[in-house]
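Q: Got a sequence here, can you model it:
(one chain, ligands or ions: 1)
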Amino acid sequence: MDVSYFIEEKIKEIKKIVGDDIAINALSGGVDSSVVAILAHKALGDKVKNIFLDTGMMRQNEPETIQASFKKIGITVEVKDVSDRFFTALKGEEDGEEKRKIFRDTFYTVLSEAVKESGAKCLLQGTIKPDVEETQAGVKTQHNILSQIGIDPEEQYGFKTIEPLIDLVKWEVREVARELGMPQTRFNTMPFLGPGLTGRVIGEVTRERVETVRKANNIVEEELMPLKPFQCLAVLFKDNATMKGDENALGRNYGSIIAVRCIESEDARTAEITEIPYDVLKKIVKRITTEISGVIKVVYDITPKPPSTIEYI
Ligand code: XMP
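A: Prediction:
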């Protein structure tokens, strides 16, 4: 791929499609939508508005970090707190695939309202080839896929989508990011889920349960990122475990279980577990069980992919 030619062509294409209208770019903070933000900024200048929908499912300080890193390169990002909409929509749902669908529908409903409010006719998205392939193969419903599953965004939501990266795979996106001068810290980010921490909570997604898993993911990242794994994560189980309490207390007390996963992989299609030193694992257990109230058991998942997937749901 000729990266500079690709960039020039995409800038021309975005300009042509948007014309005299204005466009919205929905940033997620990942490399894909960040590349789109820079391409769109080059093509449209102030005629593109970047919004970051804070779904309540992001990792610790993610909205603020993203806003600050774009500010450094002259791009303004508006953060909109829409978390109530997501928690309300997800209330009571326990099934993983249903939660993904609810997330996607809520995301587009909220986003289309924001697009309408702004008067934009086009929505830029960082969809890449594997998103489409995985959705078509029925492996997962990616939240940023519409036309591929029979939804016409113009008809249903009233705007066109522009997906400049749809023919690229991840390493090609990273090449484009490098050529655009994006800081390393932005384009070498660890993979994270489109539906965010919704996917790291087994069972019902509530504010409290998301907060628990957010803190656990943060501890896991702080302790394991120095080992430079392909990906590390924490998941909250649905079931509880018995707590060792006071011998004289009446009845049992239960607490939450967190699974820690850390893997090595080339492309996420297969994965091996990272052989973490025991002292690091013990430190993670200590931190999770003392810093997060209600968590009393931590397990380290040593299953490769296959047979397991990287995430739990
Ligand atoms: P699995 O769990 O299928 O994950 O082994 C493979 C890779 O894809 C990431 N992943 C997702 N990314 N939206 C995303 O943007 C999703 O719904 C999603 N599900 C899984 C996962 O973190 C891993 O890197």
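
Q: wait, residue 51 sits on residue 78?
A: Yes. Using Cβ atoms under 8 Å, residue 51 is in contact with residue 78, at 5.0 Å. Bear in mind the C-beta positions are built from the backbone N, C-alpha and C, glycine included.

Q: neighbour count winner among the two?
A: Neighbour count, other Cβ atoms under 10 Å: between residue 51 and residue 78, residue 51 has more, with 18 against 14.

Q: which SS state does the more buried one fall under?
A: Following DSSP: H, G, I helix; E, B strand; the rest coil, the label given to residue 51 is strand.

Q: same thing with residue 229?
A: Residue 229 ends up coil, using three-state DSSP.

Q: Identify the residues contacting it.
A: For residue 229, the contacting residues are 262, 263, 264, 274, by Cβ atoms under 8 Å, 6 or more residues apart in numbering.

Q: Which positions in this structure make contact with the ligand?
A: By the rule Cβ under 6 Å from any ligand atom, the part of the chain lying against the ligand is 140, 142, 191, 193, 194, 195, 231, 268, 305, 309, 310, 311.

Q: with those residues in mind, which one is nearest to residue 185?
A: residue 191 (15.1 Å; Cβ to Cβ).

Q: ok, for that closest one, nearest residue in space, not its chain neighbours?
A: residue 231 (5.5 Å; Cβ to Cβ, 6 or more residues apart in numbering).

Q: Now for that neighbour: which residues touch it?
A: Residue 231 neighbours (Cβ under 8 Å, 6+ apart): 190, 191, 261, 262, 263, 265, 268, 271, 310.

Q: From those, pick the one nearest residue 109.
A: Each of those was checked against residue 109 using Cβ to Cβ; the closest is residue 191, at 25.9 Å.

Q: tell me the secondary structure for the closest one?
A: coil.

Q: Tell me the buried residues in stretch 282-292?
A: 284, 285, 287, 288, 289, 292 (16 or more other Cβ atoms under 10 Å).

Q: Could you tell me how far the fifth one is located from residue 271?
A: In this view, residue 289 and residue 271 are 26 Å apart by Cβ to Cβ, to the nearest Å.

Q: coming back round to it: mind putting the residues of the chain next to the ligand into CSV with secondary structure, distance to residue 72 and pLDDT?
A: Shown next, in CSV, are the residues of the chain next to the ligand (DSSP: H, G, I helix; E, B strand; the rest coil; distance: Cβ to Cβ, whole Å; pLDDT from 0 to 100):
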residue, secondary structure, distance to residue 72, pLDDT
140, coil, 33, 57
142, coil, 29, 55
191, coil, 23, 89
193, coil, 26, 90
194, coil, 25, 87
195, coil, 28, 93
231, strand, 26, 97
268, coil, 29, 90
305, strand, 36, 97
309, coil, 35, 96
310, coil, 31, 97
311, coil, 31, 97
